[in-house]
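**Student:** Curious how this folds, go ahead:
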Amino acid sequence: MENLVRDDERVDDLQINGYKIIQHPDKFCFGMDAVLLSSFARVKEGEKALDLGTGTGILPILLEAKTDGEHFTGLEIQHESAEMANRSVLLNGLSDKIEIIEGDIKEAAQIFGKGTMNVVTSNPPYMTNHHGLKNPNDAKAIARHELLCSLEDVISQTAAVLKPMGRCYFVHRPFRLVEIITLMRQYKLEPKRMRLVYPFEDKEPNMVLIEGVKGGGPQLTVEAPLIVYDAPGQYTKEIYDIYGMIMK
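**Tutor:** You can find the predicted model right below:
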């Protein structure tokens, strides 16, 4: 373990299957959106899943723990993040189930081939502009702003690598929901399930979870709202249930 973790990094216990993840406290660390997406996504027995923009590798690791999928791949363009994610895979002894590839989302179909994946997940950058960016090369800026790829890049490449009737799962911001659904339908990813996430019951939603099926028929199920807090600092029971496997 000492050889896999550097002095300026930390190891977080995921509280599921004994898995841990390596993170750098000054870089971009995974958040609630990734955890919620890992519980919303479905990977069935024998299926192969690809996570676009995997960052620390949190989604492939959680999906391997939570689902019956056969194999999980993470694609990440930032060398430091991809290398760190790969060390987390090694730390957990998951090299036979998870592979981290360093590469560009815009080239996913070239890297993996068209129609090769059963499932694609992504927690893409939310912000469209670069306003207020102090350092456009900063890992946090790249994760939060569309500096290296656009939402259309993510959705078009998702469609390209998915098999017919393959499924995709995204987490994003509600203010871009019209754009998300428009692009999904443009690339034949029919929205099938959607769930809005609210910080408090009386507040506006700040996240949206959405599932699409490549070549699916037009029928969308809007699931019950997911409320994060009952009161300031107090999670709802459902959030405790979702996090129960990975944090105390």
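**Student:** if I look at the nearest residue to Asp13 once chain neighbours are set aside, how far off is Ser81?
**Tutor:** The shortest distance from Asp13 to any residue that is not its chain neighbour, by C-beta to C-beta, 6 or more residues apart in numbering, is 5.5 Å, and that residue is Lys20. Where you see a C-beta, it was placed from the backbone N, CA and C, and this is true even at glycine. When distances are taken as C-beta to C-beta, to the nearest Å, Lys20 and Ser81 turn out to be 17 Å apart.
**Student:** can you pull out the strands in this structure?
**Tutor:** 10-13, 20-23, 48-52, 71-76, 98-102, 117-122, 162-172, 189-198, 207-214, 221-222, 226-227, 229-231, 234-235 (DSSP state E).
**Student:** how about the nearest residue to Asn17, chain neighbours excluded?
**Tutor:** Once its chain neighbours are removed from consideration, Asn17 has its nearest residue in Ala65; the separation is 4.7 Å (C-beta to C-beta, 6+ apart).
**Student:** what separates the residue nearest to Gln219 when sequence neighbours are not counted from Phe28, distance-wise?
**Tutor:** Nearest residue to Gln219 in three dimensions, chain neighbours excluded: Lys192, at 6.9 Å (C-beta to C-beta, 6+ apart). Lys192 sits 30 Å away from Phe28, going by C-beta to C-beta.
**Student:** mind checking the longest helix of this structure?
**Tutor:** Across the chain, the longest stretch assigned as helix under DSSP state H is helix 79-91.
**Student:** just to revisit the earlier point, dump the strands of the chain to TSV, plus mean neighbour count, mean pLDDT and distance to Ile155.
**Tutor:** Listed next are those as TSV, based on neighbours: other C-beta atoms under 10 Å; pLDDT from 0 to 100; distance: least, C-beta to C-beta, whole Å:
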stretch	mean neighbour count	mean pLDDT	distance to Ile155
strand 10-13	14	90	30
strand 20-23	21	94	27
strand 48-52	27	98	10
strand 71-76	25	97	15
strand 98-102	20	98	19
strand 117-122	25	98	9
strand 162-172	22	97	8
strand 189-198	20	98	7
strand 207-214	22	98	9
strand 221-222	10	98	20
strand 226-227	20	97	23
strand 229-231	12	94	31
strand 234-235	13	92	31
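**Student:** Figure out which of these is closest to Asn86.
**Tutor:** In terms of C-beta to C-beta, the element of the strands of the chain nearest to Asn86 is strand 98-102, at 4.3 Å.
**Student:** Can you spell out which helices and strands pack onto that closest one?
**Tutor:** With contacts taken as 3 or more C-beta pairs under 8 Å, 6 or more residues apart in numbering; DSSP states H and E, strand 98-102 sits against helix 58-66, strand 71-76, helix 79-91.
**Student:** Tabulate the ones you listed (JSON lines), appending distance to Gly113.
**Tutor:** Putting the helices and strands packed on strand 98-102 into JSON lines (distance: least, C-beta to C-beta, whole Å) gives the following:
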{"stretch": "helix 58-66", "distance to Gly113": "19"}
{"stretch": "strand 71-76", "distance to Gly113": "12"}
{"stretch": "helix 79-91", "distance to Gly113": "20"}
